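*Asks:* This is the structure alone, sequence omitted:
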């Protein structure tokens, strides 16, 4: 009779499984990829986040442009040229060449409001970057834990294969000595074949998870990933919902982004109201006159000018602009209110989901997993001596297999729901 190992012992991997998991150990010098290290790598190199950062940097350069005066105008003019004499510069007293400069001056306050609105938009864009970082960190943590689950699922399958091979050996031994049935041997081999099919399916999913995580890290899809040997299975306690809501109100970038957009819209309303007032243009010129045909010199002229635009179409232009800007302000306020309601719902749902997953994992850790292990050990010890039947062994083995899978799945789901909560609260650390 073959010796009975503990079912939880990690076995020697089958060749196909070893090939799949070799990505974790292909580079011995590569440090283990923890969830937080994966987040750090993603935040440093993710191209989508880099794109958002570049847009925010571009908007940060706008306020200084909006607050600057229009470029002054330099002009050159030839005045009162006599056409009959072929544009002779000496014939007429009023013929002159003038050089001038002019500067448009917006009505006081307009430039400051333009700069203020652009500054609020730039700040909103900066909060967009912070929000994108939260979303990316949440996605990376979720993918990491899904990969950890798939990794342990493959290890569990390999362990179960070794266990089933021992069952096959026991059933074959019992059949050869006349204490068992050939049907038991065949059924054991059938279970082993089914497990091979399950292994092939999980290998495909495992490779897909590696590719998806590498994509978030901006690395080639087949880049080696080595997970830590030991994974923390402790799930933290959380603050109350009211405390988490207060943290979200203070920390969540999407709320600050909405508030800055409201401020920008309010500045544009004030700017539209200033458009009823005219802008001014100041100018100065110096005109050079040529000597008379007899050689007598003529005096040069200096000129100064002030002009302003007349908003005589205010009813159809400036007033309509004020209405437009007020509507835009209402839109931003409604958008902010909608975001606040969505965050409240996300927080309540996420907290309930995490607590449910945490409780489920606790049941597996405290009760279900130890009982399933004891059951399969008892069945494996009883079957060779005829104290239990073959079907009881298979049921115990299947229960042990499913329980271990559910254990790691429950842990992954609890950690994924925690990652969602971290993003909702707007904090890079666990709440």
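*Replies:* Done, it's in. Keep in mind it's a predicted model, so treat the numbers as computed, not measured.
*Asks:* going forward, measure contacts and count neighbours with C-alpha atoms only.
*Replies:* Noted.
*Asks:* Kindly indicate whether residue 282 is helix, strand or coil.
*Replies:* With DSSP: H, G, I helix; E, B strand; the rest coil as the basis, residue 282 sits in strand.
*Asks:* pLDDT of stretch 151-158, averaged?
*Replies:* When pLDDT is averaged along stretch 151-158, the result is 93.
*Asks:* Would you state the helices of the stretch 101-250 of the chain in chain order?
*Replies:* Secondary structure of the stretch 101-250 of the chain (DSSP state H, counting those that start in this stretch): helices located at 110-176, 182-216, 241-251.
*Asks:* Switch those helices over to JSON lines; also include distance to residue 344 and mean neighbour count.
*Replies:* Written out in JSON lines, the entries for those read as follows (distance: least, Cα to Cα, whole Å; neighbours: other Cα atoms under 10 Å):
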{"stretch": "helix 110-176", "distance to residue 344": "16", "mean neighbour count": "22"}
{"stretch": "helix 182-216", "distance to residue 344": "28", "mean neighbour count": "17"}
{"stretch": "helix 241-251", "distance to residue 344": "7", "mean neighbour count": "16"}
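*Asks:* Make CSV from these and add distance to residue 80 to it.
*Replies:* As requested, these are arranged in CSV below (distance: least, Cα to Cα, whole Å):
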stretch, distance to residue 80
helix 110-176, 38
helix 182-216, 71
helix 241-251, 69
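*Asks:* just flag whichever of these has the lowest average confidence.
*Replies:* Among these, helix 182-216 has the lowest mean pLDDT, at a mean of 87.
*Asks:* tell me which strands and helices that one is in contact with?
*Replies:* Judged by 3 or more Cα pairs under 8 Å, 6 or more residues apart in numbering; DSSP states H and E, the packing partners of helix 182-216 are helix 15-21, helix 110-176.
*Asks:* Any idea which of the ones you listed gets closest to residue 407?
*Replies:* The closest approach between residue 407 and any of these, judged by Cα to Cα, belongs to helix 110-176 at 9.3 Å.
*Asks:* now for the closest one, which elements pack on it?
*Replies:* In this structure, helix 110-176 makes packing contacts with helix 15-21, helix 35-45, helix 47-60, helix 62-66, helix 182-216, helix 253-274, helix 390-425, judged by 3+ Cα pairs under 8 Å, 6+ apart.
*Asks:* In a markdown table, list the helices and strands packed on helix 182-216 along with distance to residue 245.
*Replies:* Formatted as a markdown table, those follow (distance: least, Cα to Cα, whole Å):
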| stretch | distance to residue 245 |
| --- | --- |
| helix 15-21 | 41 |
| helix 110-176 | 16 |
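*Asks:* Minimum distance to residue 383: which of the ones you listed has it?
*Replies:* If you check each of these against residue 383 by Cα to Cα, helix 110-176 wins as the nearest, at 8.3 Å.
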